[in-house]
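Engineer: let me see the structure of the following:
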Amino acid sequence: MMNCELLATCSALGYLEGNNYHREPDCLESVKDLIRYLRHEDDTRDIRQQLGAGQILQNDLLPIITQYNQDKPLFDACIRLMVNLTQPALLCFGKVPEDPAFRHHFLQVVSYLQAYKEAFANEKVFGVLSETLYNLLQLDWEQRQEEDNLLIERMLLLVRNVLHVPADPYEEKNVDDDASVHDRLLWAIHMSGMDDLLKFLASAPSEQQWSMHVLEIISLMFREQTPELLVSAGQARSAQEKQKDIQELEALRQKEQAERRTRTLQRGARHSRFGGSYVVKGLKSIGDKDVIYHRGLHNFKSYTHDLGKELRRVPKRQQIAKDPEGKRRSALSVRLFLREFCIDFLENCYNRLMYLVKEGLIREQTQQHDETYYLWALTFFMAFNRGHNFRPDLVSETLSIRAFHFIERNITNYYEMMLTDRKEATSWSRRMHLALKAYQELLLTVNEMDRSQEENFRQSASVIKSNIFYLMEFREIFLTLLRKFDETKQPRSFLKDLIESTHLFLRMLERFCKGRNNLVVQKKTKRRRKVQKKQQQVESTPEMLEETWQLVSEELRAAGFQLSESLTEGTVPFDAASETPMEEQRTEAIVRIQDTLLARQGPEALSLLRAARSVWPEGNAFGSADVEPEEELQLLRQILFANLPRSAESAVEDEEGGAEIEEEEELETVRVSEKEFSFLDYVKRFANPNIMRPYLLLLRSYSQNTPHTNHCITRMLHRVAVDLRMDALLFQLSVFRLFNKILGDPAASAYKELVTFIKYLLNRFFTLATHNNKAFVELLFWKNVGTVHEMTEGYRKPGEDDGPESNKRAKWTSEEEEELRRLYEEHRDSGVPDIVETLLPLLSNNSRTRRQVVAQMVHMGLVDSFKDLKKVRRGTGIVLWTEEQELELQTLFEEYRNSDDVLGNILKKLTARRSRSRVIDKLLSLGLVSDRRELYKKRRRKAGGKSSGMVRSEQFSGERSSQRMSGPILWLQNCLNRTADNKEEEGIAQAVPLVPLTEENENAMEDKGFQRLLRKLGIRAPADEQESFWRIPAKLSPSQLRAAASSLSISDEIPVEESGYVGRSSAEDQREEAESHEQRAQALRALLLARKWKGAVAGSHGEQSVFAYTIANSACQESVLVLTRIRFPLASFVLCFPFQKSITQSKSPS
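Structural biologist: Sure, this is the predicted structure:
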């Protein structure tokens, strides 16, 4: 029942008397009130349902706009209200409700929408809309107001909403060639001239903003049509079509006659009341007796023990995806007008409209999933053009490599979303099907061009095909889709289009390869480089340590405690870009020195000790600045014999998400190369059980398939069984059951090609079974290529080592196998988390890897599979945070929020051990910090005056205490020079980012005066929010970069009042200016030394690994050069800039 206030509002609209509508004085205000009511309706859409039950749109709104269309405010308000009332039910509820009560409301709203659609199927209504739209489009842009543009958009939305309403097949019950509600709506659009206005909007340059709306309306107009039916509308049937219909009728007649003969043979002489009872020998019933069969013998073939049993309910997630409803044939007059619309649209609108829509999609100016309208239009109109006087120039906008790439990218995206968004997997599957049909249509159009008599068309097709077949992505897409086919999410129609598209692609590729001896294609390989993890330190006895120390000390004394220049310059004890606190890095440096001593590398250990002393001079942890060589020797001895804590055993999950830490880490890099293409090798990739299963799945519905679909399936099976000689791949029991069903079909003569292939395959199997007595057992399993080879060529005996796999497997002696078996029996019940890690150090052969031990245990039958010995994942294993842990984290944060190392102190005090990344994420989610940078360790600047532990300028230093601009300017000068060198050596043609590593340089990059200096030098500021750093433009030549670097000097400092730095007295400035020359000289000498070392390394290794920057220290009046060694390819980065954290954390030796 309608609400009282709502009923009063509707009554104030007016009343209908005959064919005339009389509006009330408050009609406009009542319409606005209804709009406000709809704005505040509840989740059940009660206002919408009450207005639909009262037929307000049919009895009031439509008569108002047809009789009072000159009243612009009232007309505009009515259009607004109707747009709201006709919006799809999915938009109202968000999705199809699962709750029964809400589903009832959903279906009720849909029924009201279907009534609205029937009311709109009126030429008078669309005549008013067309006339109003025409008058608005006649206005120039200067005369058109904002209200006019809004009214145009609302009318287009209204037409779209009405066309979007689904049909009600139970109410209409129309047959083909009968006019449905949708057909009558289309006829009203045609008679009112709305279709001509749509073509004008699609072709006019001044109306391009409506391109997406027009494409939506056109796609909804043709929702029930197929291009083939529209092409043949009003045309005489060709001889080929007649012959096809005759063949189909003949197949149906043969099937009917065969069934009739079968029924005649099965009919006995007596009536069915005396059918008899039979005992089936050898077939046991529930007990020990034989089955008694109470029916005629002609029905015994279909006997099964499952007769009479209740069918098991299939879970919803395992049910086969349903195909969408089929297309229907509209009335002939509607098809004729739509055919003419397609012809005019292709000639005048298609290329322009598709270009505008594509640009909007690329620039993300459209709504979500609008690319589906683009994919539909591409499929429909290119298919219509292919069937009606094929002209490639009419669809040139979508006939390019860019279109192939766009569709391939969307297919990949839809597949990934189908796996991740499982609740909407069906919707993503439909979108992927639409993209696949677009891809298929592109292939069909290119194939049609290749068969054209025009030379230009054939050349264009050859260029497109060469690009498609060259790129690896276009060759792999069909293999991937077939391998990943899931019948619970993707319907049979998708599989049908996929198999037909694959057949077409293979046929085009085969024809393309025949005329070429050497076809070169792109190849992408994943190179895996294994990085050996550091093995666990074996506990060393005091005797072993003494022996090691004797060798190390003798080596150092023999060298006179002198180190080579390369060893001195190449040793770096810390990572300046790491987030690890300096105290922890100092502990790691001591552990590194101990590891180097245990490896008996004395000079390296001494070099690392001296480098660490220069970085951490305070506290004399690595000795004083004037330490004697013998004292250094004693310090090394103490480090060697010390029991140091190691963090390797307590490693936590890494920041990338806690991936499992394996014994051997594999680094993957994609390498693009070219290779000579072999069509036979490409077809071999289809010889896989995972790819054959979809073909056989579609073959089960052979009687419903079209002859072309059955031909595509048979051709692929023929390629595998005959061309590749891998017929044993199809020797499987379920396949043979399907073949037996086809051969026993009364209408089997209609599938001559398929029956011929089945007989050939069965003949091959029984021939093989004569000399392979295990062939019948092999029927129970799907087989890979290796098994197929063994089945046909002979099985390999155990212990034979002539195969490629046997060469890879490590050999074990009988004593080693017995030892492994004994150790496994001893420790199997010990309760250790990882038994393989327990057995590895106990084996007599220390060279055995984890993988070899696991493989041997599986081979010996000690465990069933590799999964039983999966390595225990290291890390905390704690994912969820309890309320107590969150409260503890908040308390610790409040306690240490003002300390220098907030995160480090929290990690030390946390009760439950967690990784740095998880603690940071939790702090961000709790809102305690807004940026990760707030948790970085703060490094204090020391006051003036020389500290007792300060080293000389030749040593390394990590302290940054300059308050002037000399350091950043010298760093900038160094960056410009190195960029110039790299441009000359490697030809780098891209902008190079200026990434400040030190805090001093970061402060300088944020200073306005320093930024003005960068702009004067031609350095570009960040272009948008995606860029964070200033960049040296690629257009600057090496000579220009060197000129800019030479123009920089310490005297060109930023004025103090501009930079915001704390100024000093003029006396201090004069004193520092007098001392700056010596400071600059020292820095330049260090820079030249680094360049010289760089050239030597680049000549020998082809890589650069020096990163130089200068920090001016006004307190000690010295220039300190810090060299941080980072390895990376020259083609990707430039030396003088900091890099990503994952690169800078590398600590590999030179």
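Engineer: run through the stretch 501-650 of the chain and note the low-pLDDT ranges.
Structural biologist: Within the stretch 501-650 of the chain, the stretches with pLDDT under 70 are 525-540, 565-570, 574-580, 582-583, 618-621, 645-650.
Engineer: would you list every one of the helices in it?
Structural biologist: 542-558, 565-570, 582-598, 602-615, 629-641 (DSSP state H, counting those that start in this stretch).
Engineer: distance from the chain centre to the fourth one, please.
Structural biologist: If I follow you right, that is helix 602-615. 47 Å (CA atoms, centre = their mean, to the nearest Å).
Engineer: that one vs helix 542-558, what angle?
Structural biologist: 80 degrees (axes from the mean of the first three to the mean of the last three CA atoms, to 10 degrees).
Engineer: on that earlier part again, the helices of the stretch 501-650 of the chain: which one's closest to V929?
Structural biologist: V929 sits nearest to helix 582-598 of all the helices of the stretch 501-650 of the chain, at 20.9 Å, using CB to CB. The C-beta positions use only the backbone N, C-alpha and C, and glycine is treated the same way.
Engineer: returning to that earlier point: pick the most deeply packed of the helices of the stretch 501-650 of the chain.
Structural biologist: Mean neighbour count (mean count of other CB atoms under 10 Å) peaks for helix 602-615 among the helices of the stretch 501-650 of the chain, with a mean of 23.
Engineer: so what does that helix touch, helix or strand wise?
Structural biologist: With contacts taken as 3 or more CB pairs under 8 Å, 6 or more residues apart in numbering; DSSP states H and E, helix 602-615 sits against helix 542-558, helix 565-570, helix 582-598, helix 629-641.
Engineer: pull the CA atoms of that helix into PDB?
Structural biologist: Extracted C-alpha coordinates of helix 602-615, given in PDB (Å, rounded to 0.1, in the frame of the first residue of the first chain):
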ATOM      1  CA  GLY A 602      93.800 -12.500   6.800                       C
ATOM      2  CA  PRO A 603      94.300  -9.400   4.500                       C
ATOM      3  CA  GLU A 604      90.500  -9.100   4.000                       C
ATOM      4  CA  ALA A 605      89.900  -9.200   7.700                       C
ATOM      5  CA  LEU A 606      92.500  -6.600   8.400                       C
ATOM      6  CA  SER A 607      91.100  -4.300   5.700                       C
ATOM      7  CA  LEU A 608      87.600  -4.700   7.100                       C
ATOM      8  CA  LEU A 609      88.800  -3.900  10.600                       C
ATOM      9  CA  ARG A 610      90.500  -0.700   9.500                       C
ATOM     10  CA  ALA A 611      87.500   0.400   7.400                       C
ATOM     11  CA  ALA A 612      85.100  -0.300  10.400                       C
ATOM     12  CA  ARG A 613      87.400   1.800  12.600                       C
ATOM     13  CA  SER A 614      87.100   4.800  10.300                       C
ATOM     14  CA  VAL A 615      83.300   4.500  10.300                       C
END
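Engineer: out of the helices of the stretch 501-650 of the chain, which is closest to E894?
Structural biologist: That would be helix 582-598 among those, by CB to CB, at 22.8 Å.
Engineer: contacts for stretch 301-320 next, please.
Structural biologist: By CB atoms under 8 Å, 6 or more residues apart in numbering, the residues outside stretch 301-320 that reach it are V280, Y293, E487, T488, P491, R492.
Engineer: so among those residues, which ones count as buried?
Structural biologist: Y293, E487, P491, R492 (16 or more other CB atoms under 10 Å).
Engineer: wait, isn't the first one in contact with V280?
Structural biologist: Yes - at 5.6 Å, Y293 counts as touching V280 under the criterion of CB atoms under 8 Å.
Engineer: find residues that contact each of the two.
Structural biologist: Joint contacts of Y293 and V280 (CB under 8 Å, 6+ apart) are F300, Y303.
Engineer: now do the strand or helix carrying L481: everything it contacts.
Structural biologist: For L481, the host element (DSSP states H and E) is helix 472-483. The contact list for helix 472-483 (CB under 8 Å, 6+ apart) reads 404-405, 408, 411-412, 415, 436, 439, 468-469, 498, 501-502, 505, 509, 521-524, 682, 685-686, 688, 690-691, 694.
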